[in-house]
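Trainee: have a look at this fold, sequence not included:
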Ligand SMILES: CCCCCCCCCCCCC/C=C/[C@@H](O)[C@H](COP(=O)(O)O)NC(=O)CCCCC
Ligand SMILES: Nc1ncnc2c1ncn2[C@@H]1O[C@H](COP(=O)(O)OP(=O)(O)O)[C@@H](O)[C@H]1O
Ligand SMILES: [Ca+2]
């Protein structure tokens, strides 16, 4: 059996784990191939090609191939058969996927990206697909409540964080509905969603993809889906007055990121650039908001937001949380301890309140809003940026783009939490004085100090790129509520540290 690799770095030996094989196909020899070199002398050769994942730099994956050939047809068929049987044994691989494409996300390239880069790979891997090109917002979400979901091994969304959020709401909502769980009850134990979601990035920020794969690259994401990766993800539920508002997996941001989102929605025609434009405008406006934040610290998890190491593939801290979750499920009859745990209360004037379930790394900020946040530890990092000068706020923002610690400022506090609540001063005042209509209607900016940037209007919550209607919210992190076709960011850079059993032992 002879081997030939189809790329310029031909080597004599090639080691490919079965888990990295994408497909095995019989290869037709054409006349031209037959007439070169030593094959000329042979009887009709038989060949098969193995397509496999080739890992390139910066977490990028590509489909490579290697062709084996020989004169013995029977031997060749035996190899094809044996390799196909090995592939059949990879039980976590999807066979049937439901795909939603947002044709208007990001630079409006979703349909082209899927058809040119992703569909050919799915077809090579013998994955059948039902494809829906969305016609309006919430199309995918509503559709997920109607389809025969058990027919599919996963759902793929082609778009940005907003599109992912829609699909996630459809799936989690469908799961709770089928299990008779009332989503409006903030304390309801939600049912885990085992149907994995794959993200083909074609949006504006694509933070969820970047934070779980390490790169925004449709081919890499398609290959993670094909090999059947599985990454559990924490999800926060957001409620107001016993009414369910939304779920969040990446950023829940009030003040700076809420204001950027609100302004940028009017500039959708600008594409991803709208965030730079609105970001600059919001930075100049320098509005701060008064309110009270109460939270329950996450005591069950080992890490802290100031850790130097990040969550990486096979993260030990996330595995520990998975074990704790399994134990909790066994003891589900017992009273939940969280109700008894203490609440910390902080009142203040904030430029930004950010709660992140993951690092929120994205191309704009490769280390993210909270570099040590974990994908699946059952906690969120709550970042409070208090009123400070424009210059200091700029220093804080710039640190998201370099190696300096963005939490090392007197006006920034960060806590690892499992739940929190926020009420703006404005709504507290309105509740205590409902007759003060003038304050409600005309209180846009502080009338006493027009130049001081304090804002007596509320900001908006940015929930994974969607705005929330209420400023007063109650948030609870649900450990590993859903799963992605991903494996977390792989540790492939020299000198890059991550949590391992030994580093944890040193910590303890
Ligand atoms: C002087 C330069 C300072 C630059 C600092 C930049 C820090 C950026 C951190 C970005 C965190 C992003 C968190 C993710 C948010 C997304 O869910 C959301 C919706 O995404 P999509 O649906 O793909 O459009 N995106 C945003 O809210 C935009 C944030 C814009 C930040 C400038
Ligand atoms: N066909 C459609 N027309 C308009 N909006 C849509 C459509 N399909 C999905 N959406 C909505 O578009 C929003 C943004 O989509 P997304 O793919 O995240 O793009 P971007 O990253 O540019 O914001 C999502 O909230 C989603 O609900
Ligand atoms: Ca988390």
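Mentor: Done, it's in. Note that the structure is predicted; figures quoted are calculated from it, not measured. Ligands and ions are numbered 1, 2, ... in the order given.
Trainee: give me the low-pLDDT residue ranges for the stretch 301-450 of the chain?
Mentor: Counting by pLDDT under 70, the stretch 301-450 of the chain shows low-confidence ranges at 332-339, 431-450.
Trainee: same deal with the chain?
Mentor: Residues of the chain meeting the criterion pLDDT under 70: 1-12, 31-43, 332-339, 431-456, 492-508.
Trainee: is stretch 472-481 anywhere near ligand 3?
Mentor: No - in terms of CB under 5 Å from the ion, no part of stretch 472-481 sits within range of ligand 3; the closest distance is 6.7 Å. C-beta here means a position set from N, CA and C on the backbone, and glycine is covered the same way.
Trainee: quick one: residues contacting residue 384.
Mentor: 293, 346, 348, 350, 352, 353, 412, 413, 414, 415 (CB atoms under 8 Å, 6 or more residues apart in numbering).
Trainee: excluding chain neighbours, give the residue nearest to whatever residue of the chain ends up closest to ligand 2 in space.
Mentor: Evaluated by CB to the nearest ligand atom, the chain has residue 160 as its residue closest to ligand 2, separated by 2.2 Å. Using CB to CB, 6 or more residues apart in numbering and skipping the chain neighbours, the partner closest in space to residue 160 is residue 203 (1.5 Å).
Trainee: separation between that neighbour and residue 401?
Mentor: Applying CB to CB, to the nearest Å, the value for residue 203 to residue 401 is 20 Å.
Trainee: tell me how many other residues crowd residue 78.
Mentor: Residues lying near residue 78 (other CB atoms under 10 Å) number 11.
Trainee: from the contact counts, what lies against the helix or strand encompassing residue 65?
Mentor: Per DSSP states H and E, residue 65 falls inside strand 61-70. In terms of contacts (3 or more CB pairs under 8 Å, 6 or more residues apart in numbering; DSSP states H and E), strand 61-70 is packed against strand 2-5, strand 21-27, strand 46-55, helix 73-88, helix 218-226.
Trainee: now do 7 Å
Mentor: strand 2-5, strand 46-55, helix 218-226 (3 or more CB pairs under 7 Å, 6 or more residues apart in numbering; DSSP states H and E).
Trainee: would you mind finding the most buried of the ones you listed?
Mentor: helix 218-226 (a mean of 25; mean count of other CB atoms under 10 Å).
Trainee: got the phi and psi for the residue of the stretch 101-250 of the chain found nearest ligand 3?
Mentor: Here the residue of the stretch 101-250 of the chain nearest ligand 3 is residue 234; by CB to the ion that distance is 4.1 Å. Main-chain dihedrals, residue 234, degrees, to the nearest 10: phi -70, psi 150.
Trainee: surely it meets residue 376?
Mentor: Yes - using CB atoms under 7 Å, residue 234 is in contact with residue 376, at 5.7 Å.
Trainee: before we move on, what SS does the closest residue to residue 343 other than its chain neighbours have?
Mentor: Computed as CB to CB, 6+ apart, the closest residue to residue 343 that is not its neighbour in sequence is residue 294, at 4.9 Å. With DSSP: H, G, I helix; E, B strand; the rest coil as the basis, residue 294 sits in strand.
Trainee: next, count neighbours for residue 294.
Mentor: 16.
Trainee: of residue 203 and residue 401, which one has the most company?
Mentor: Counted by other CB under 10 Å, residue 203 and residue 401 do not tie: residue 203 has more neighbours, with 26 against 12.
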